[in-house]
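K.L.:
Show me how the following folds:
(chains A and B)
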Protein chains: 2
Amino acid sequence: MKSSRPVPGRYLGYRAADLAQPYARFFRPDLAPLAPHVCAALDRGGVPDILMPGLDRAAESLFGDTCGLEDGFVLTADGGMRVSVRSAMPGVTPAMVDWWFGWHGDQAAKYKLWHPQAHVHVAWRDPPPAGSQGRARYVGQTSLVDEYIGSDLVRGSIRFVPTAKLGLLDRSLEDDREATVVCARIGLGDAPIELGYLVHHVRRVAGGSEMRSRFWMGGAHVAGRNLAGSLAAAVAKKVLKLTESDARALLVHCAQEMPHLASFLPELHAQVKDQA
Amino acid sequence: MKSSRPVPGRYLGYRAADLAQPYARFFRPDLAPLAPHVCAALDRGGVPDILMPGLDRAAESLFGDTCGLEDGFVLTADGGMRVSVRSAMPGVTPAMVDWWFGWHGDQAAKYKLWHPQAHVHVAWRDPPPAGSQGRARYVGQTSLVDEYIGSDLVRGSIRFVPTAKLGLLDRSLEDDREATVVCARIGLGDAPIELGYLVHHVRRVAGGSEMRSRFWMGGAHVAGRNLAGSLAAAVAKKVLKLTESDARALLVHCAQEMPHLASFLPELHAQVKDQA
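P.N.:
Below is the predicted model of the structure:
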């Protein structure tokens, strides 16, 4: 992926105006070391594609008996990549994760809490429905983000979609105190092109939750958002070849931001959930 | 390296017919974590070429007093690579390793025992001499393999050669209860091109054996297997540029399959050595 140019007035980290926010004490500039299972996946490098199923087998691989790898990456023959990683989220409930996805999208200073060393800016394309809560506050909305993935500044569009859109059964959502699934179409923020899909499946485990994140990017998943986008996407499909660096950077980014989120989410949620 | 296309009917893992084999209980789908010395080599990345001698100094670097690196990789100026890695093989004797190389090459289900997440298919180009045992059963034979190296499916030809072919003294073979050296020319399985060489030196240590694996790939080691191959090899020499991903993937593959082999070889050998 190519790096985007920085936008004037957008910056990494907290400045005076950010520090004046009521939630500023949750901005913690340091990240914990990567978890051992993440380092193991990075050391191992790319794996055979059949060990990490494609999007068409997402439901089966997340909820079925398929024996696949939970952490790792694949570069696919069509120039795309698949990335998976688990994050322990002690003290976190699936409902808190839904709350987070609805809450953080309207202020850069909120978004920066999540990844203090990579998140630059966030805005909703259109504001969520007034008074909406839980999944209803973000599903159907598009979050426009500026964030570093590795060394590259990426301007992304994250359009949250219903789980059915990705062919996922809702069986894990029957009781959202026990699980939730965040699904999104990922694209470029400054061009009408979609690049891939993400799923974060969050389920209760002893002491909190476990998040299983999956990304399917590039290759067959490139598409236009409109007519001009379709023409551009046809070109992008031919020239876009994601690399091992891209895969490693995305895996690391996710493996940093999710445990970091878990480190302050329970307390943040308790403090500000009624102010949203 | 580019990925080969899968062949219909060849697959990763065990299915019903494989599970019916008398040795099926030795198929263990999970791999142990990479050894710390392997992770250290991966973390360190490429090293200066003089720390990992070329093929012309293989004997000296394996058996002499040369101070080189036992684990690591080098990308060479001619577009090739050198990869080295040690594997602890507790409970294994050098003779068991010779037995394994003669035994596994005639059935995919045997070959899959060795690396359950990467080995797809194996066949001898020509069957080994009837009744042959030990080194005589595989030296001089060619094993045709389908295996994943990292994310790439590779169709390879592994032609086992006498140690003298690689300029290695036989002094470590004087008593093959104490050591053995597996040497091979490595090439493409579906084109008459050789790509490199491998050596697995196995010697007794307290409690079992240690395997020292060395690969010299690409660059000057590319050659044709016949006239058509020579023409193709001349082109391949110009365009083949092995990458850090290739080197890491080969190092990881070897560092997975050899300890995995050691985990079941003593018991397998005891069970079936007289059935071969």
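
K.L.:
And stretch A:54-64, end to end?
P.N.:
14 Å (C-alpha to C-alpha, to the nearest Å).

K.L.:
anything in it near chain B?
P.N.:
No: contact between stretch A:54-64 and chain B is absent, the nearest approach being 13.3 Å (criterion: C-beta under 8 Å from any C-beta of the partner chain). Heads up, the C-betas are built off the backbone N, CA and C, glycines and all.

K.L.:
what about that stretch, distance to the chain center?
P.N.:
18 Å (C-alpha atoms, centre = their mean, to the nearest Å).

K.L.:
Stretch A:11-18 now?
P.N.:
Taking mean C-alpha positions (C-alpha atoms, centre = their mean), stretch A:11-18 and its chain are 22 Å apart.

K.L.:
Send over that stretch as CSV, restricted to the C-alpha atoms.
P.N.:
This file holds the C-alpha atoms of stretch A:11-18, laid out as CSV (Å, rounded to 0.1, in the frame of the first residue of the first chain):
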residue,chain,number,x,y,z
TYR,A,11,-1.5,14.9,14.0
LEU,A,12,-0.5,11.9,16.0
GLY,A,13,-0.9,12.0,19.8
TYR,A,14,-2.5,14.4,22.3
ARG,A,15,-2.2,18.2,22.3
ALA,A,16,-3.7,20.8,24.7
ALA,A,17,-7.2,20.6,23.2
ASP,A,18,-7.2,16.8,23.5
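
K.L.:
ok and the residue in the stretch 151-276 of chain A nearest chain B?
P.N.:
A:Glu244 (5.0 Å; C-beta to the nearest C-beta).

K.L.:
Test my guess that that residue contacts A:Gly45.
P.N.:
Yes: the pair A:Glu244 and A:Gly45 qualifies as a contact (C-beta atoms under 8 Å) at a distance of 7.3 Å.

K.L.:
Spit out the residues that contact these two alike.
P.N.:
Common neighbours of A:Glu244 and A:Gly45 (criterion: C-beta atoms under 8 Å, 6 or more residues apart in numbering or on different chains): A:73, B:245.

K.L.:
Grab the nearest non-local neighbour of A:His269.
P.N.:
A:Met96 (4.8 Å; C-beta to C-beta, 6 or more residues apart in numbering or on different chains).

K.L.:
Report the secondary structure state of the residue nearest to A:Leu34 when sequence neighbours are not counted.
P.N.:
Residue nearest to A:Leu34 in three dimensions, not counting chain neighbours: A:Ala255, with 5.6 Å by C-beta to C-beta, 6+ apart. What DSSP: H, G, I helix; E, B strand; the rest coil gives for A:Ala255 is helix.

K.L.:
Contacts only, for A:Ala255.
P.N.:
Going by C-beta under 8 Å, 6+ apart, A:Ala255 touches A:34-35, A:38, A:85, A:87.

K.L.:
okay, A:Glu244 and A:Gly45: which has more neighbours?
P.N.:
Legend: neighbour count by other C-beta atoms under 10 Å in any protein chain shown for A:Glu244 and A:Gly45, higher for A:Gly45 (23 against 19).

K.L.:
Can you point out the buried residues in stretch A:107-119?
P.N.:
By 16 or more other C-beta atoms under 10 Å in any protein chain shown, the buried positions in stretch A:107-119 come out as A:107-116, A:118-119.

K.L.:
can you check stretch A:50-59 too?
P.N.:
Residues A:50-55, A:58-59 are the ones in stretch A:50-59 that count as buried (16+ other C-beta under 10 Å).

K.L.:
Could you tell me the end-to-end distance of that stretch?
P.N.:
End-to-end distance (C-alpha to C-alpha), stretch A:50-59: 15 Å.

K.L.:
Assumed A:Ser213 was part of a helix.
P.N.:
No: in this structure, A:Ser213 is strand, not part of a helix, as judged by three-state DSSP.

K.L.:
residues from the stretch 1-150 of chain A in reach of chain B?
P.N.:
A:39-40, A:43-51, A:67, A:74-77.

K.L.:
Just the buried ones from those residues, in ChimeraX syntax?
P.N.:
Provided next is the ChimeraX selection string for whichever of the residues of the stretch 1-150 of chain A next to chain B are buried by 16+ other C-beta under 10 Å:
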select /A:39,43,44,45,46,47,48,49,50,51,74,75,76,77
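
K.L.:
which parts of the stretch 151-276 of chain A sit against chain B?
P.N.:
Residues of the stretch 151-276 of chain A found near chain B (C-beta under 8 Å from any C-beta) are A:Glu244.

K.L.:
Could you list the low-confidence segments of the stretch 151-276 of chain A?
P.N.:
Residues of the stretch 151-276 of chain A meeting the criterion pLDDT under 70: A:169-177, A:274-276.

K.L.:
how about the helices of it, start to end?
P.N.:
A:227-239, A:244-272 (DSSP state H, counting those that start in this stretch).

K.L.:
Now do stretch A:84-102: distance from first to last residue.
P.N.:
23 Å.

K.L.:
Okay, now the unreliable bits of the stretch 1-150 of chain A?
P.N.:
In the stretch 1-150 of chain A (pLDDT under 70), the answer is A:65-67.

K.L.:
let's see it at 90
P.N.:
A:1-6, A:9, A:50, A:57-69 (pLDDT under 90).

K.L.:
Spatially nearest residue to the closest residue to chain B within it, not counting backbone neighbours?
P.N.:
Among the residues of the stretch 1-150 of chain A, A:Gly46 lies nearest to chain B; the distance is 3.6 Å by C-beta to the nearest C-beta. Ranked by C-beta to C-beta, 6+ apart and with sequence neighbours excluded, the top spatial neighbour of A:Gly46 is B:Ser151, at 3.6 Å.

K.L.:
Isn't the one you found up against A:Val74?
P.N.:
Yes: assessed by C-beta under 8 Å, B:Ser151 is found in contact with A:Val74 at 5.1 Å.
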